[in-house]
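A.B. asks: coords below, sequence missing:
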Ligand code: THG
């Protein structure tokens, strides 16, 4: 599984403050902590309070690149903010994200091609959030066909079913797991799949337990990537163990340590 660290997000008070005060040390420390904990890539999101997100994302990208060359996932609903980040980025990139709206697809797929970037496609549109598996599949198929039409490799596309908090949309969680399975049969080659894991437990009490149980189930459904908190050791251990049981990791008595040294 591709692990994308979620912690560089202006939604968190410490990061929001660091962006405001232009404190690079906080950002660099957060980047390194996540990588040392096992993150393969880092999500970069200026947060809802940012007044100048196109400037803030460039500042974040520059700070992070001082300490790592891991891929960065540029997380914004505004194509111009993503483009500003792409211009500043020397590392590999993940565009997070396009929706299933034609105007977004027509901006972001060409950007993904131009910058050789992976692309996350959300199964959501201006018509609203999907209410079941079939609506998710319909939106995913629209994203996939737009990639094929525009000559973007579908293997580089990550479809995100939009994870809803289990405390407000309990019946959705099962639909999401089934959608993850079925995204794979939309096309050949098939797109990859990704979730924003922490969404599932927002507002709930037993957050870590809900996150790791859902992640294990999603891995069984074939999940390829997750945006998550890599500092949650039990979460990562559960994911590594799920991959062992699914025969995606080689067993040895010290498999957890072996994974961490990868
Ligand atoms: N899909 C994609 N990208 C995404 C998401 C997704 N990016 C943003 C988000 N969802 C993933 N990242 C987070 C980061 C934090 C939290 C949830 C998802 C979170 N934060 C605490 C909260 O809201 O309770 C904030 C705690 C604090 O303020 O300290 O849960 O789905 N492609």
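C.D. replies: That came in fine, so what should we check first? The structure displayed is predicted, hence computed values, not measured ones.
A.B. asks: which helices and strands sit right next to the helix or strand residue 226 falls within?
C.D. replies: Remark: residue 226 resides in strand 225-228, with elements defined by DSSP states H and E. Here strand 225-228 touches strand 2-5, strand 192-196, helix 207-220, going by 3 or more Cβ pairs under 8 Å, 6 or more residues apart in numbering; DSSP states H and E. (C-beta placed from N, C-alpha, C; glycine too.)
A.B. asks: ok, residue 4 - how many residues close by?
C.D. replies: By the criterion of other Cβ atoms under 10 Å, residue 4 has 28 neighbours.
A.B. asks: All further residue positions should be reported with the first residue as 846.
C.D. replies: With the count now opening at 846, the last piece we talked about shows up as residue 849.
A.B. asks: Look up the residues forming beta bridges with it.
C.D. replies: Under DSSP bridges, the beta-bridge partners of residue 849 are residue 886, residue 1072.
A.B. asks: Next: residue 890.
C.D. replies: On the basis of DSSP bridges, residue 890 is bridged to residue 854.
A.B. asks: Kindly state the pLDDT recorded for it?
C.D. replies: pLDDT, residue 890: 98.
A.B. asks: what's the answer for residue 1080, then?
C.D. replies: On pLDDT, residue 1080 comes in at 98.
A.B. asks: Doesn't it belong to a strand?
C.D. replies: No. Counting by DSSP: H, G, I helix; E, B strand; the rest coil, residue 1080 falls outside a strand, being helix.
A.B. asks: Count residues in the vicinity of the residue of the chain found nearest the ligand, would you?
C.D. replies: In the chain, the residue that lies nearest the ligand is residue 1041 (2.1 Å; Cβ to the nearest ligand atom). Close neighbours of residue 1041, defined as other Cβ under 10 Å, add up to 21.
A.B. asks: Shouldn't residue 948 be within a helix?
C.D. replies: Yes. Counting by three-state DSSP, residue 948 falls inside a helix.
A.B. asks: Which residue ranges of this structure form strands?
C.D. replies: Assigned by DSSP state E, the strands in the chain fall at 847-850, 886-889, 917-920, 938-943, 963-967, 1002-1005, 1037-1041, 1070-1073.
A.B. asks: Pull the distance from the strand holding residue 1071 to the chain's centre.
C.D. replies: Averaging C-alpha positions (Cα atoms, centre = their mean, to the nearest Å) puts strand 1070-1073 5 Å from its chain's average.
A.B. asks: Repeat that for stretch 985-999.
C.D. replies: For stretch 985-999, the distance to the chain centre is 19 Å (Cα atoms, centre = their mean).
A.B. asks: so for it, what's the average pLDDT?
C.D. replies: For stretch 985-999, the per-residue pLDDT averages 98.
A.B. asks: in that stretch, what counts as buried?
C.D. replies: Neighbour-count burial for stretch 985-999 flags 985-989, 991-992, 997, 999 (criterion: 16 or more other Cβ atoms under 10 Å).
A.B. asks: Out of these, which are close to the ligand?
C.D. replies: Among the buried residues of stretch 985-999, proximity to the ligand is found for none (Cβ under 6 Å from any ligand atom).
A.B. asks: and the stretch 946-1095 of the chain, which residues reach the ligand?
C.D. replies: Within the stretch 946-1095 of the chain, the positions adjacent to the ligand are 965, 1005, 1008, 1041, 1043-1044, 1047, 1072 by Cβ under 6 Å from any ligand atom.
A.B. asks: picking up where we left off before, mind putting the helices and strands packed on strand 1070-1073 into TSV with mean pLDDT?
C.D. replies: Listed next are the helices and strands packed on strand 1070-1073 as TSV, based on pLDDT from 0 to 100:
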stretch	mean pLDDT
strand 847-850	98
strand 1037-1041	98
helix 1052-1065	98
